[in-house]
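*Asks:* predicted model and sequence follow; I will ask about them next.
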Amino acid sequence: MRSLINKLNLPSFKKDIVEEAKLGYKEPNFKYKLNTKAYLVPFKNGVFNMYTREFRQTERDDYVNLTFNFDYDPSIKNEKVITFIKQILPNKRIREYVLSEFAKCLNGEIPNTKFLIFVGKGANGKSHTLLTRKRNNPNETSTEKLKLLNKRFAFLSEPEEGEKFNVACNEVPKVKNEDAVWRRLRVIDFTSKFKIDPDPNVQNEFILDPTIPFLMRKDVTWKQTFMNILLEYSNVDIEEPPEVDASTANYRKNNDEFIKWCEENIEFYENGILKMKELCERRFPNGESLKKKGVFIKDFEEFLKKTFPKIDTTQISSSHKSFLQRMEKL
């Protein structure tokens, strides 16, 4: 026994024991199995199974090394959190819809194709609904893609003009007029204002509490309460409210140059005939090229055919067809 104790003090002997243990316990492709059971919501004290709706102790085969840095406790209910959420999103239908969409991110095995854009001027609380961090220096090596591995929610804020991604911003960015995009994109208006001296006669103005950012970081019950709310909403189906439909449609209308142009230049009346030739000639007068703006005649034609299925396409002259061909080559 004394000899064994003495050997355990030797680095080389301890190294041999570790190497021998690896033969029996080493897991092939261990790092690729980490955090791949996306239906488990990991906490410090265990995991919540999104399918069985049960909480249990973490097991070795769960392969979890990323967790929310707090314990799961369904009894926690911080009323300040609930009040704050109601102030940020005072419209109940919109509030429940947003919470439902957030809750869908908890189960990484269920695809969530919604692309939410949070819109509102400053001091409306939209950034407090999201966990943010400062981006790396642009001159440093980028590790953002690696950090996204097995993550279930990604957030980007305040894009440069013309950049494309999922955002919360003061002004909505331009989006291409593609059905695949608009099927997924939803605009959420944040209408509340938080002020030091709110006007009681102004709707959705609330007193600004400067301690809330500190409480969100330091008071674990804020995180636990919010998580309990999300877990509750993850088990219900919330219909998309008409307010979100209206905001998204308005965004598309203002974003789509073709729609805006048609509203300004087309007058509808009974038995009227809409002619593609006339529209194209007016939209692109004297062969004007809008290539620099990313506007092409081919796209305009496709838009007209889709928007106005009965449009007259037989009136396009040979000279106009030649003009279209020249424009498409630009």
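*Replies:* Looks like it arrived, so ask away.
*Asks:* alpha carbons only for contacts and neighbour counts from here, please
*Replies:* OK.
*Asks:* quick check: phi and psi at V47.
*Replies:* Dihedral pair for V47: phi -130, psi 150, per degrees, to the nearest 10.
*Asks:* actually, L40.
*Replies:* Dihedral angles (degrees, to the nearest 10) for L40: phi -100, psi 130.
*Asks:* what sits closest to it if chain neighbours are left out?
*Replies:* N49 (4.8 Å; C-alpha to C-alpha, 6 or more residues apart in numbering).
*Asks:* just the pLDDT at the one you found, thanks.
*Replies:* In this model, N49 is scored at 97, pLDDT.
*Asks:* list the contacts of N49.
*Replies:* N49 makes contacts with Y39, L40, V41, F55, as judged by C-alpha atoms under 8 Å, 6 or more residues apart in numbering.
*Asks:* and the strand or helix carrying the third one, average pLDDT?
*Replies:* Put plainly, it is V41. Using DSSP states H and E, V41 sits within strand 40-43. Per-region confidence: strand 40-43 scores 96 on mean pLDDT.
*Asks:* try stretch 263-279
*Replies:* On average, stretch 263-279 scores 77.
*Asks:* next, the distance between the ends of it.
*Replies:* For stretch 263-279, the first-to-last residue distance is 12 Å (C-alpha to C-alpha, to the nearest Å).
*Asks:* buried residues of it, list them for me.
*Replies:* L274, K275, M276, K277, L279 (16 or more other C-alpha atoms under 10 Å).
*Asks:* just those residues: which are in helices?
*Replies:* Taking DSSP state H, the ones among the buried residues of stretch 263-279 that sit in helices are M276, K277, L279.
*Asks:* pick out whichever of these sits closest to I76.
*Replies:* Proximity of those to I76 (C-alpha to C-alpha) peaks at L279, which lies at 62.0 Å.
*Asks:* if I look at the closest one, how far off is K15?
*Replies:* From L279 to K15 the distance is 80 Å (C-alpha to C-alpha).
*Asks:* circling back: now do the phi/psi pair for the residue nearest to L40.
*Replies:* When read as degrees, to the nearest 10, the backbone of N49 gives phi -80, psi 120.
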